[in-house]
Each structure stands twice: as structure tokens, then as C-alpha cells.
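Undergrad: I would like the atomic coordinates for the input below:
(one chain, ligands or ions: 2)
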Amino acid sequence: MITGSEMAVVDANAEALGVPRKQLMESSGNAVAETVREVAEPGETVVIVAGRGNNGGDAFVAARFLDEFDVRVRLLGRAETLTTAIARENWEALLAAEYDTRELRDSTAIDLGDADVLVDAMLGTGISGDLREPAATAAAAMNAADAPIISVDVPSGFDAETGTTAPSAVEPDHIITFHDTKPGLTELDIPVRVADIGIPATAETFVERGDLLRLSRAAESHKGDHGEVLVIGGGPYTGAPALAAQAVLRAGADLVKVTCPTSVAHEVQGYSENLILYPMQGRRLEPGHVGPVMEYAREHDTLVIGPGLGDDEETLEAARAIIESYDGTAVVDADPLKIVPEVETEADLICTPHQGELTAMGGKTAEDWRERRDLVAEFAADLNHTLLVKGNYDIVADADRSRVSRTGNPGMTVGGTGDVLAGVTGALAATLDPFEAAGVGAFVTGRAGDIAAETYGNGLVATDLLDAIPQAME
Ligand SMILES: NC(=O)C1=CN([C@@H]2O[C@H](COP(=O)(O)OP(=O)(O)OC[C@H]3O[C@@H](n4cnc5c(N)ncnc54)[C@H](O)[C@@H]3O)[C@@H](O)[C@H]2O)[C@@H](O)CC1
Ligand SMILES: [K+]
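TA: Ligands and ions are numbered 1, 2, ... in the order given. As a prediction, this is how the structure comes out:
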């Protein structure tokens with residue numbers, strides 16, 4: 001089962017993999033024509049009511065596939081109002097070849113009188129709200145007609161996000177849907193056929209450009225609140241928390257604060273005047289810092305804990321106490337990763353190990369990415385947290401899903417790119433769920449590395465990635 005918005009991600013990913021939407025529309029239209037051939041008898045009249053978007057576009061393709069079939073096809077649509085280029089191209093192909101097309105200007109005059117079969121291609125996953133005119137009147141006319149109705153993708157008036165049906169919706173006798181069934185569709189108790197439209201399976205496995213659609217959706221639902229992130233890091237390594245914090249800002253969070261030992265505060269500040277510091281007395285994180293750090297932590301949407309902390313026993317003890325008393329989303333990177341398998345926490349952790357850190361945590365790895373993905377997925381289910389395992393293919397998994405991101409390049413083995421990834425992921429986790437944040441975080445950081453490599457090749461450094469993050473998110 002796939003929701004309408006998830007379908008949009010997969011469809012854009014298919015395009016990124018070289019299978020553009022127009023090609024998918026060709027398969028969809030073919031599948032619609034096949035269903036018509038099953039429902040209609042030879043010599044009958046098939047009336048297709050086409051909407052202005054790609055749902056209508058599917059029907060234009062279907063009309064072309066039905067040309068050689070022994071039925072009369074009448075197509076009702078409004079060419080001048082088509083909203084997508086590929087629907088228009090398919091409509092124009094019908095006009096050019098002189099198919100029987102009619103403009104549906106006024107739905108009160110909709111004439112379905114001689115239809116033996118009706119095809120409902122008015123609205124698919126692009127609907128918002130109840131049916132508006134002229135679709136509402138057309139739907140009523142179709143429901144009142146005596147002919148069986150085939151709905152394309154979903155009944156017009158059905159919301160593929162929530163699985164709810166508008167009162168004015170088309171009431172079909174058959175549904176031909178694409179790629180996968182949609183939420184609530186089978187509950188309608190109408191025969192549903194699912195057509196394979198040639199979307200590569202990896203359009204759902206790989207994080208691709210389509211996944212960036214999640215960012216605009218998150219921005220809409222969070223109405224301008226892009227989150228506040230606390231980075232807990234620094235000690236033996238000074239640059240790491242500063243890199244992570246700058247990555248948080250580049251990835252669009254509203255605010256980032258860094259809590260780091262006073263011994264490194266000056267250096268961290270030196271990286272950027274945009275960073276706000278909460279210094280902790282001393283040279284490294286210690287159990288005595290936990291109280292105040294937790295107070296800061298509660299004021300933020302997500303935590304990034306680990307960059308540059310080091311592996312001193314007391315530091316790890318403090319990190320454990322922080323993770324165990326936190327209940328939000330936290331990205332865990334570097335040395336504290338090794339304590340994750342033993343921590344008990346309400347928090348949603350996104351752990352970002354490289355292969356070596358993964359095995360130190362007790363996870364397994366393999367040469368082949370598919371095998372590696374399955375092993376990481378198993379381990380994520382054991383841990384009950386999200387894993388983002390860095391490698392030439394980054395593997396992201398939680399208890400029940402897994403994805404693979406292929407962006408990035410060998411230049412990124414330079415120090416500090418992991419800190420950037422942790423920061424980007426922490427920022428995204430303020431508006432996306434942990435699994436989505438990890439997938440998009442891996443994709444965006446790798447893509448930023450690819451943009452940086454265009455200029456610097458293998459000589460790129462972590463700070464080059466920072467500048468490329470906004471472009472990588474477009
Ligand atoms: N992977 C995919 O997502 C694929 C989608 N395809 C088809 O494309 C459809 C989605 O296409 P679109 O995104 O263009 O959207 P639709 O064609 O479902 O609808 C968009 C149109 O409906 C109008 N509209 C929205 N809400 C309305 C309302 N309440 N009352 C009246 N009009 C309303 C919009 O103004 C717009 O013109 C799918 O349902 C499917 O049929 C296929 O072509 C192939 C692949
Ligand atoms: K439809």
C-alpha cells in the first residue's frame with residue numbers, strides 16, 4: 001500500500017533513475033485500456049471523462065490504445081485547461097491523429113446517454129478537498145447513468161492520503177490503480193486491479209531526488225518552524241562540534257546551540273559567529289555536566305551528541321546519562337555509538353556509524369549492498385533505533401523500513417564529513433521523522449560532497465560541504 005504523497009516521491013525517484021513520468025503514463029494508460037477491454041463488449045460505446053491533470057492524461061493514452069479495439073470511444077475533456085505538460089502532449093497526440101475527442105465545456109450539458117461503459121479519469125491522487133465543479137456535476141451524471149464505471153487510479157473524489165471518500169465522489173464498479181494499492185481503496189469493496197507500470201523497485205529502495213519532496217511537505221506542515229538543535233560535542237577534538245553545528249544551520253534549522261568544554265569553546269566560536277555556546281567547565285564532558293546539559297536539551301527539538309567528545313570513560317558515562325534521560329530525537333555519532341546497544345532510553349536515536357563503528361556496536365556488514373542492507377535492517381530492529389551506516393552506499397534502517405543512499409564520493413573520506421552528516425541529519429530530524437531524516441540526511445550530505453568534488457575533486461575538505469548543503473537540498 002502506498003499513499004498519494006509517497007507515490008509522488010517514488011514517481012520522482014523513477015524519473016531520477018531514468019524512467020520519466022510520461023513513460024509511466026504510457027503504461028498506466030495501457031493498463032486502463034486493458035481493463036476497458038475486459039469490461040466492454042465488442043461494438044459498445046465507451047465514454048471517457050478526463051480531468052485536467054495526469055489522471056486525465058492516463059485516459060488520453062488509454063484512448064490511443066483502444067483505437068484498434070472494437071468499441072466506439074468518446075473522450076470528454078477540456079484541452080485548454082490541462083494543467084500538466086505530459087497530459088497536454090497526449091491530448092495533442094489524439095488531436096493530431098484525429099481521434100474522436102470532444103470538449104467538455106459545460107458539465108450540465110454532459111451527454112452520457114449512449115455510453116455502455118464509463119471511464120472516470122477526472123481526478124486521481126492530485127485531489128484536494130471535495131469535488132468542485134464541473135467535476136461534481138459530471139460525477140453525479142456518471143453515478144446516475146446506467147453504465148458500469150471504471151475509475152482510473154482511484155475514484156474521483158477519493159483522497160489517497162487519508163482513504164476518505166467525498167460525498168460527491170464517483171461510485172465505480174471497477175478500479176484500475178497503479179504500482180500499488182492506495183490506503184482505504186480495498187475497503188471500498190469494489191474490485192481493484194493493481195497494474196505494474198514499470199517503476200523500478202529501487203525507486204523505493206534508493207533515496208533519490210524525489211525524497212527531497214519531503215522537505216517542502218515538512219516545511220508546509222511546520223509553518224515556518226524549522227527547529228532548534230543542540231549539539232553536544234568537543235573535548236579532544238575541537239573542530240567537530242563546530243562543523244556539525246554549521247551543518248545544522250545550512251540544512252535550514254532556525255537555531256543551533258553548542259555545548260562544549262570551556263577548553264575548546266574559544267576555538268568553536270572562532271569557526272563562526274553564528275554559533276551560540278553553552279560552555280561546560282573543563283576539558284571534556286563529565287558526569288557533573290549532565291544536569292545543566294539536560295536543561296538545555298529540553299529547550300531544543302533535537303540533539304546531536306558525539307562529535308569530538310572522545311572516548312574517555314567519564315565522558316561516555318555522561319553521554320549515557322544524557323541519552324537515557326532524554327526522550328526526544330537524538331543523532332548519536334562517533335564515540336558514544338559504542339554505548340548505544342546497552343542504553344535504555346525513551347529517545348528516538350539516529351545512530352550514524354561507519355562500518356568499523358557498526359561492528360564495534362555488534363552489527364554486521366557485508367560486501368554486497370543488498371546483503372548489507374538486510375544485516376543493517378536486522379540490527380536496527382534489534383536496537384529499536386534508526387541506523388545510518390556510512391559507506392559508498394549509505395544504508396538507513398529502522399525497525400521496519402530500510403533505504404539506501406548512493407550519493408557521495410571517495411573525496412569524502414577526509415575528516416569532518418561525518419560531523420557534517422550528523423548536523424544535517426539533526427536539523428532534518430526537527431521536522432521529519434527519524435527514518436526520513438536519516439535517509440534525506442545521507443542523500444543531501446553525499447550530494448553536497450558531490451557538488452564540492454566538482455570544484456575540489458579529491459582535495460575537498462569538510463567545510464566545502466557546508467557551502468554546498470543548500471544547493472544539495474534543492
Ligand atoms: N507515479 C505517479 O504518480 C503516476 C501518476 N499517474 C496519474 O497521475 C495522477 C495524478 O496526477 P496529478 O497529480 O496531475 O493530479 P490529478 O490528475 O489527480 O488532479 C489534478 C487536477 O485536479 C484539480 N483538482 C484538485 N482538487 C480538485 C477538486 N477538489 N475538485 C476538482 N478539481 C480538483 C487540480 O486543479 C488539477 O487540475 C494519478 O492519480 C495517476 O492517475 C500516472 O500517469 C503515472 C504515474
Ligand atoms: K479517477
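Undergrad: near ligand 1, which residues of the stretch 101-250 of the chain?
TA: 123-132, 135, 152-153, 178, 197 (Cβ under 6 Å from any ligand atom). Heads up, the C-betas are built off the backbone N, CA and C, glycines and all.
Undergrad: What of the stretch 301-450 of the chain?
TA: Residues of the stretch 301-450 of the chain found near ligand 1 (Cβ under 6 Å from any ligand atom): none.
Undergrad: Going along the chain, name the strands of the stretch 301-450 of the chain.
TA: Assignment of strands within the stretch 301-450 of the chain using DSSP state E, counting those that start in this stretch yields the ranges 302-305, 329-332, 348-351, 386-389, 394-397, 402-405.
Undergrad: Take these and lay them out in TSV including mean pLDDT, distance to Ser28 and mean neighbour count.
TA: Below are the strands of the stretch 301-450 of the chain laid out as TSV (pLDDT from 0 to 100; distance: least, Cβ to Cβ, whole Å; neighbours: other Cβ atoms under 10 Å):
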stretch	mean pLDDT	distance to Ser28	mean neighbour count
strand 302-305	98	40	29
strand 329-332	98	38	28
strand 348-351	98	36	24
strand 386-389	98	34	28
strand 394-397	98	30	28
strand 402-405	98	25	23
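Undergrad: So which of the residues of the stretch 101-250 of the chain next to ligand 1 are in strands?
TA: Members of those lying in strands (criterion: DSSP state E): 152, 178.
Undergrad: Ranking by neighbours, what's the top pick from the residues of the stretch 101-250 of the chain next to ligand 1?
TA: Val152 (33 neighbours; other Cβ atoms under 10 Å).
Undergrad: I'd like to know which helix or strand in the chain has the lowest mean pLDDT.
TA: Lowest by mean pLDDT, DSSP states H and E among the helices and strands of the chain is strand 101-103, with a mean of 66.
Undergrad: Local confidence estimate at the residue nearest in space to the middle of the chain?
TA: Centroid-nearest residue in the chain, with Cα atoms, centre = their mean: Asp211, separated by 3.6 Å. Per-residue confidence (pLDDT) for Asp211: 98.
Undergrad: for the helix ranked longest in the chain, packing partners?
TA: If you go by DSSP state H, the chain has its longest helix at helix 434-456. Judged by 3 or more Cβ pairs under 8 Å, 6 or more residues apart in numbering; DSSP states H and E, the packing partners of helix 434-456 are strand 206-207, helix 213-222, strand 348-351, strand 386-389, strand 394-397, strand 402-405, helix 417-428, helix 462-472.
Undergrad: To ligand 2, which of those lies closest?
TA: Of all the helices and strands packed on helix 434-456, helix 213-222 sits nearest to ligand 2, with 21.9 Å by Cβ to the ion.
Undergrad: For the following helix or strand past the closest one, which strands pair with it and how are they oriented?
TA: Moving toward the C-terminus from helix 213-222, the next helix or strand (DSSP states H and E) is strand 228-232. Using DSSP bridges, the strands paired with strand 228-232 are strand 255-261 (parallel), strand 302-305 (parallel).
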